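> everything below, folded, please.
(one chain, ligands or ions: 1)
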Amino acid sequence: MSNDSLLRALAREPTSHTPVWLMRQAGRYLPEYNATRARAGSFLALAKSPAFATEVTLQPLERFALDAAILFSDILTVPDAMGLGLYFAQGEGPRFERPLRDEAAIRALAAPDPSDRLRYVLDAVREIRKALAGRVPLIGFSGSPFTLACYMVEGSGSDDWRALKTMLYARPELLHRILEVNARAVTDYLNAQIEAGVQVVMIFDTWGGQLNHADYEEFSLAYSRRVIAALTRESGGRRVPSILFTKGGGVWLEAIAASGCDAVGVDWTVDLAAARARVGARVALQGNLDPAALFAPPERVRAHVRRVLDAFGSAPGHIFNLGHGIAPTTPVESVAALVDEVRAYSAKLRAKAQTKT
Ligand code: CP3
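Residues are numbered from 1 along each chain as shown. Predicted coordinates:
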């Protein structure tokens, strides 16, 4: 592979610069993404076509010196494959036609065979790997069992997750039954992605941070841990590292770091210096610039990037990213400034550390 800095950082090995990629790096802030989406007809048509998915996965890499590609898809393809009927209402975000609201539907829920109902994702992985031709590693992903359950029960995104939390507090055994099925589905799905060629896997636990302390362990982390323990460890003679991102998970950093993952994704509420002190060299850390910082002029963006890099320091094991997905109205020049500054300043930090020793 011509650029394996991401894999090296995930293994806490030294790299010449801090590797950088961005959550939602392929998306609506890029005019070429919007053009391809218009040609495909809709977001779902785009995601379900391996040729279009390959095209948009590579778009950000043509513009910026990114150190990884991330499969273009969505976490909600899994519940869609379980028969919940994913759709996007105009300007309203994702919705399900058949959310899980009664016991019969929950009892009938089953993990899908990824080689059948999610074949288009696996075809996209194979096509993207070919198109990348070893330039950078390809990251595959899934939602966590808990975050998928949030959408499956609620039927859409939510500010308070009232349907989900009602089930959690009133009928916890029903939620556990959904989470059991989801853990199986996520494990099979990620292992199928690994078999198709992804070189890193990431689990997005976007809503785990909405839970109380004890419930985070019981309903979210326990199931992610189970998935991680059952992942294929090696493919093509290389370790396949896993990243667990929990938005709002900073308070549980030690527990997340002990989940078996190779790296912990952190949002911007976390101080990277303190985080490193808490987890040591047990795991790599990924993050954590506030995506809203990209609304500042390029020189300010660069200063905020340096602050994140300074907080972690020059030791191995940092992957630069945002603390959550990039916003659709982000200026392209801000992203260019971010990527350029990560490369230049992190190389300088390492040089400075070396002259000291
Ligand atoms: O990071 C990448 O570039 C890979 C692609 C990716 C998408 N969604 C594409 C997408 C990834 C990794 C996701 C993950 C995802 N999807 C998460 C977890 C990460 C996070 O952001 O918290 C969640 C919660 C979802 C569910 C989802 N999908 C929502 C809430 C939305 C609507 C929000 C929005 O930005 O409009 C989607 C749609 C979606 N998924 C889009 C993209 C590029 C926008 C759709 C469009 O083009 O209209």
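> show me which residues of the stretch 251-357 of the chain sit near the ligand.
Contact residues (CB under 6 Å from any ligand atom) of the stretch 251-357 of the chain with the ligand: Gly325. Any C-beta I mention is one placed from the backbone N, CA and C, and that applies to glycine too.
> helix/strand/coil for the closest residue to the ligand within the stretch 251-357 of the chain?
Ranking the residues of the stretch 251-357 of the chain by distance to the ligand (CB to the nearest ligand atom) places Gly325 first, at 3.9 Å. Judged by DSSP: H, G, I helix; E, B strand; the rest coil, the three-state class of Gly325 is coil.
> can you check what pLDDT the model gives the closest residue to it other than its chain neighbours?
In space, and not counting its chain neighbours, Gly325 is closest to Arg24: 3.6 Å by CB to CB, 6 or more residues apart in numbering. Predicted confidence (pLDDT) for Arg24: 98.
> Arg24: neighbour count?
Neighbourhood size, Arg24 [other CB atoms under 10 Å]: 18.
> and Ala296, what does it touch?
Residues in contact with Ala296 (CB atoms under 8 Å, 6 or more residues apart in numbering) are 304, 334.
> ok, back up a step: you'd agree the residue nearest to Gly325 is up against Val335?
No: using CB atoms under 8 Å, Arg24 is not in contact with Val335, being 10.9 Å away.
> who touches both of those two?
Counting by CB under 8 Å, 6+ apart, the residues touching both Arg24 and Val335 are Ile326.
> count of residues packed around the residue of the stretch 251-357 of the chain closest to the ligand?
Using other CB under 10 Å, Gly325 has 17 neighbouring residues.
> you'd agree Pro112 is in a strand?
No: Pro112: not assigned to a strand; according to three-state DSSP it is coil.
> so what's the residue lying closest to Ile256 once chain neighbours are set aside up against?
If the residues on either side of it in the chain are set aside, Ile256 comes closest to Val264, at 5.1 Å by CB to CB, 6+ apart. By CB under 8 Å, 6+ apart, the contact list for Val264 reads 243-246, 249, 253, 256-257, 275, 279, 283-286.
> which of the residues in the helix or strand harbouring Ala275 are buried?
Assigned by DSSP states H and E, Ala275 belongs to helix 272-279. For helix 272-279, the buried set under the neighbour-count rule, 16 or more other CB atoms under 10 Å, comprises 272, 275-276, 279.
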